[in-house]
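Chemist: Please find the sequence and the predicted model below.
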Amino acid sequence: MFLARVEGNLTATRKHPSLTGWRLIICQPISKDGEAEGVPQVAIDPHGAAMHQRVIISSDGMAARKAVGDEHSPVRWMIIGILDEKGHA
Amino acid sequence: MFLARVEGNLTATRKHPSLTGWRLIICQPISKDGEAEGVPQVAIDPHGAAMHQRVIISSDGMAARKAVGDEHSPVRWMIIGILDEKGHA
Amino acid sequence: MFLARVEGNLTATRKHPSLTGWRLIICQPISKDGEAEGVPQVAIDPHGAAMHQRVIISSDGMAARKAVGDEHSPVRWMIIGILDEKGHA
Amino acid sequence: MFLARVEGNLTATRKHPSLTGWRLIICQPISKDGEAEGVPQVAIDPHGAAMHQRVIISSDGMAARKAVGDEHSPVRWMIIGILDEKGHA
Amino acid sequence: MFLARVEGNLTATRKHPSLTGWRLIICQPISKDGEAEGVPQVAIDPHGAAMHQRVIISSDGMAARKAVGDEHSPVRWMIIGILDEKGHA
């Protein structure tokens, strides 16, 4: 599970059918100080994260397949939480 | 799941029999700005991606084994979507 | 399994329900000399590690799902041990 | 699955019994231009790759365990194809 | 599976019960020339490797759980072989 920042989303008309209707989010792993670390991941998002929000992503394929409702889906990465930001109560 | 760019394909006469008939694509993980990030992966391609196209790849072995139709195949990485490119409608 | 140092924790009101009540710890992988190495991981903590303590973390999803008591949880990383520190007997 | 180059093999008298009789190959992941990228992997080789040959390696443990014929083997990485080299028809 | 060098061991009184009685070894992945590459891993050791010995480590959780005799253990990395060193016949 990585701390990551939402950096955009991807549009793909040709894709595995299990991904239809899901936003594909570019998630840049970051340090706790917000610096980019390592390779960006593409994740599905059941929580509705906004651009630049900090999120937690997980590579657990079993949970992601359950989320899309297709046990043969190739999906693996999923946003599993959106961080509370200071000063935005 | 990584955002990646197609950088070529590989020919291997000697290989695991489950890979027969599948193109083996070199996929370079990239940032959203197109810069190379990390180690290239080799993936199978059920979608027909072209050279230099941007794709999404997944390491989900279960889905890849299903794609090749061999539950004992060592295949893991698969192209699962091809990005829509701007200006190419 | 990585040797890591606790560098903070995260608060997320919107998250997968299986994570409710669990602290989400930022764990920075380190060398045996304490230098940061690679990308920080986010892990759950059943052992009660304190800030800056050195811990061992594991990516075993099956054990983590058992810890949270939800077999469909997307949780993967967990603190599995807290190092004994010299001079703190 | 990585594109890699064979860089040597390892001899280990003390090892998991399932590895007996298998060559343990050092495989350096490379770019399509042959440059080293990332950490070398150790893989078993059912195809008989020679020193410096370019190969494809996979981390699929299920297929590797099937190859060695021991469902409790800790083996994970396996050479799954040997690239055809240009000019060697 | 990585080629690695034993760089020390860890003592943790508070830990997952399945790890009781196992040495936790710091294993630094290395190139075939012995240079450090990537992030150190923590592994259990059923073979009795000594300080600075070169070993092969695997991330296969299933085999590691079998080694510790607890199918819910979070253990993943294990030393699976100790290299024969030249000049030590």
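Modeler: Everything's here; your move.

Chemist: quick check: longest strand of chain A.
Modeler: strand A:2-10 (DSSP state E).

Chemist: Partner strands of that one, with direction?
Modeler: Note on strand A:2-10: by DSSP bridges, its sheet partners are strand A:24-29 (antiparallel), strand A:54-58 (antiparallel).

Chemist: Pull up the pairing partners for the helix or strand following it, direction included.
Modeler: Sequence order places strand A:14-15 as the next helix or strand after strand A:2-10, per DSSP states H and E. Using DSSP bridges, the strands paired with strand A:14-15 in its sheet are strand B:78-82 (antiparallel).

Chemist: in chain A, which helix or strand is least confident?
Modeler: helix A:61-68 (a mean of 94; mean pLDDT, DSSP states H and E).

Chemist: hmm, that one in reach of chain D?
Modeler: No - Helix A:61-68 is not in contact with chain D by CB under 8 Å from any CB of the partner chain; minimum separation 13.5 Å. Placement of C-beta: from N, CA and C, glycine included.

Chemist: sorry, back to before: looking at the strands paired with strand A:2-10, spot the one closest to residue D:29.
Modeler: strand A:24-29 (20.2 Å; CB to CB).

Chemist: Show the average pLDDT along the closest one.
Modeler: Across strand A:24-29, the average pLDDT comes to 97.

Chemist: following it, which helix or strand comes up?
Modeler: That would be, after strand A:24-29 and using DSSP H and E, strand A:41-44.

Chemist: any residues touching that following strand, and which ones?
Modeler: Strand A:41-44 is touched from outside by A:2, A:4, A:10, A:19, A:22-27, A:29, A:57, A:59, A:64, A:67-68, A:75, A:77-79, B:1-3, B:56, with contacts defined as CB atoms under 8 Å, 6 or more residues apart in numbering or on different chains.

Chemist: Off-centre distance for that strand?
Modeler: Chain-centre distance of strand A:41-44: 4 Å, with CA atoms, centre = their mean, to the nearest Å.

Chemist: In terms of pLDDT, where does the residue nearest to residue A:65 when sequence neighbours are not counted sit?
Modeler: Spatial nearest neighbour of residue A:65, chain neighbours left out: residue A:73 (4.9 Å); criterion: CB to CB, 6 or more residues apart in numbering or on different chains. Reported pLDDT at residue A:73 in the predicted model: 96.

Chemist: can you pull the pLDDT of the residue nearest in space to the middle of chain A?
Modeler: By CA atoms, centre = their mean, the mean C-alpha position of chain A lies nearest to residue A:43, the distance being 3.3 Å. Looking at residue A:43, its pLDDT reads 98.

Chemist: got it, and residue A:87?
Modeler: 55.

Chemist: and the residue nearest to residue A:65, how many neighbours does it have?
Modeler: Around residue A:73 there are 25 other residues, counting by other CB atoms under 10 Å in any protein chain shown.

Chemist: do residue A:21 as well
Modeler: As a burial measure, residue A:21 scores 7 neighbours (other CB under 10 Å).

Chemist: on that earlier part again, what subset of the contacts of strand A:41-44 is buried?
Modeler: A:2, A:4, A:10, A:19, A:22, A:24-27, A:29, A:57, A:59, A:64, A:67-68, A:75, A:77-79, B:1-3, B:56 (16 or more other CB atoms under 10 Å in any protein chain shown).

Chemist: on that earlier part again, so what does the least confident helix or strand of chain A touch, helix or strand wise?
Modeler: strand A:41-44, strand A:78-82 (3 or more CB pairs under 8 Å, 6 or more residues apart in numbering or on different chains; DSSP states H and E).
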